[in-house]
Every structure is written in C-alpha cells, then in structure tokens.
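Undergrad: With the sequence up front, the predicted model follows.
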Amino acid sequence: MADLMSAIKKELERYNVVSVREVTLTIGKLTNLGAEQMEFAYEIMSKDSILEGSRLVIEEEIIQVRCGKCGYEGPVKNIDMGEDSHFQIPVLSCPECGGAVAVTAGRSCCVRSMEIEEAD
Ligand SMILES: [Zn+2]
C-alpha cells in the first residue's frame, strides 16, 4: 500500500494539481488486499497530502487462469468458507480438468484512473 501511495503521488507530480477528487485502484483478488483494509490505509496515508479528502474507488479484478492441459480460460472456482460467504479461497487449478493453470489475471495492484483538478 505504501508503494501504491508513492506511485499515486509521483503520478500527480507530473501535473499542476490543485486537488484530487477521486482515485480508482484495480486490486486483484490474488493480492490478498481487502477493500476495507485499503480504504482504511488510504485514509491514514492521504492525511496532510494532496490526496486528503479524495475518494478512493476500488475495482476488484477477479482471478482468471489458463489451463495448460485442456486449454480452459476463465475464472477459477472458489471454496466457500461456510456462512460467512465473503471469505472465499480460490482454487488454483483448472475447474474443467483439474490440471495445472497459469494465472492470467488477479494479481494487479495499480492506479486505474484519477480525477484531478489542475491549475490554470
Ligand atoms: Zn483444464
């Protein structure tokens, strides 16, 4: 998260930014970064910076894989951890044949877009 914050600030330095309205992040499910955690960290880390008061929008990137055996491409299955269904464990094997897969999406942790106000 600290790396991400400095990446955002670095990006902002390229413009003559007066204020930041919104920052959209893409967070892959495989990064284990929870949205709530991120929002909390963002609030703390944006204090006393140009980012203070801006809104953080988080877009989750689902896990996608490609199977080397049968050629399946798509999302993986999740093991549901009971009633508390927002806690799921992804199964990193092919849902079709159980073969080994290569992860093609779900590892992102990047700034997708920013809404800023520039000075004239
Ligand atoms: Zn397969």
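TA: Arrived safely, thanks for sending. Numbers count the residues shown, from 1 in each chain.

Undergrad: so where does the residue nearest the centre of the chain fall, helix or strand?
TA: Using Cα atoms, centre = their mean, the residue of the chain that lies closest to the mean C-alpha position is Ile27, 0.7 Å off. Take DSSP states H and E as the rule and Ile27 turns out to sit in strand 17-28.

Undergrad: and what of Glu52?
TA: Applying DSSP H and E as the criterion places Glu52 outside every helix and strand.

Undergrad: Quick check, it in contact with Met45.
TA: No. Here Glu52 does not reach Met45: they are 9.8 Å apart, not a contact under Cβ atoms under 8 Å. C-beta coordinates here come from the backbone N, C-alpha and C atoms, glycine included.

Undergrad: mind checking the end-to-end distance for stretch 77-89?
TA: Its start and end residues considered, stretch 77-89 measures 9 Å (Cα to Cα, to the nearest Å).

Undergrad: got a list of what the nearest residue to Cys97 once chain neighbours are set aside touches?
TA: Across the structure, with Cβ to Cβ, 6 or more residues apart in numbering as the measure, the residue nearest Cys97 apart from its sequence neighbours is Cys70 (4.5 Å). Cys70 sits next to Cys94, Glu96, Cys97, Gly99 when contact means Cβ atoms under 8 Å, 6 or more residues apart in numbering.

Undergrad: residue contacts, the second one?
TA: Under the criterion of Cβ under 8 Å, 6+ apart, the neighbours of Glu96 are Cys67, Cys70, Tyr72.

Undergrad: Right, I'll call it a day here.
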